[in-house]
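A.B. asks: what's the 3D shape of this:
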Amino acid sequence: MRLSGPTDEELINNAASVINPKMVGDRLFGDVGCALLSRSGNLYLGVCIDTASGTGPSSCLCCMKGARFARAIPSERSVMPSGMVELRSEEEVREAFSVVRQLHGALDERKYMDLLSRMVPNGYRMFAVREPSGEVAAVLGMQVLINLYYERHAYVYDLVASETSRSKGYGGLLMDHVEALARREGCSYVALACGREREEALRFYEERGYERPGYSMRKSLR
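C.D. replies: Got it, this is the predicted structure:
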């Protein structure tokens, strides 16, 4: 199950839209197309337009360079730090569950996957920092929203590091990335909620310049 972005078939169809197939005698020729999906969700197309192009490595590299050139604009030049990844596939987000559960203790894996399958199509994104071993060490979940209070803003729903990976700066690394992403997305604020009892977390956010403009309130309907 692909949780976000176009499907593989949609990407293939986009690449196919630029190849301009043509018959030469009894043989079919065409250009070589590439569809490149950026981390911010934008789609760029590249094509190798050599006459009677083949499908060898040089043609593939040619079209990929075209797509990469198309995305070489300031808003797309962000490169995530080494060890940081965006979790997109079902396998990747499932791998992060053991870390996320340390923030949401009552959440079981089945409910976690079910909720994410509904959240991701609405814009929820999950980023993670991996240890050199490849193990997920810290996770951040966020979404770009628009409302009357903050206008266009990024909302951080989840930020947690595994018990064995705390005090390594991973939370700050993830927040730096999301704040930079929010600026590129034209957001006016980054907002979040933090439990009153989480004094260490509150200090972490306040040291980064976050304020407490009011109270976050809720009422149980069950």
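A.B. asks: now do the contacts for the closest residue to residue 159 other than its chain neighbours.
C.D. replies: Sequence neighbours aside, residue 140 is the residue nearest to residue 159 in space, at 4.8 Å (criterion: Cβ to Cβ, 6 or more residues apart in numbering). C-beta coordinates here come from the backbone N, C-alpha and C atoms, glycine included. Neighbouring residues of residue 140 by Cβ atoms under 8 Å, 6 or more residues apart in numbering: 126-128, 156, 158-159, 171, 174-175, 177-178.
A.B. asks: please check these and keep the buried ones.
C.D. replies: For these, a burial check counting by 16 or more other Cβ atoms under 10 Å picks out 126-128, 156, 158-159, 171, 174-175, 177-178.
A.B. asks: the helix or strand of the chain with the lowest mean pLDDT: what's the following helix or strand?
C.D. replies: Between all helices and strands in the chain, the lowest mean by mean pLDDT, DSSP states H and E belongs to helix 57-70, at a mean of 47. On the C-terminal side of helix 57-70, the nearest following helix or strand under DSSP states H and E is strand 84-87.
A.B. asks: quick one: buried residues of the helix or strand that that next one is followed by?
C.D. replies: Using DSSP H and E, the helix or strand that follows strand 84-87 towards the C-terminus is helix 90-95. Neighbour-count burial for helix 90-95, counted by 16+ other Cβ under 10 Å, picks out 93, 95.
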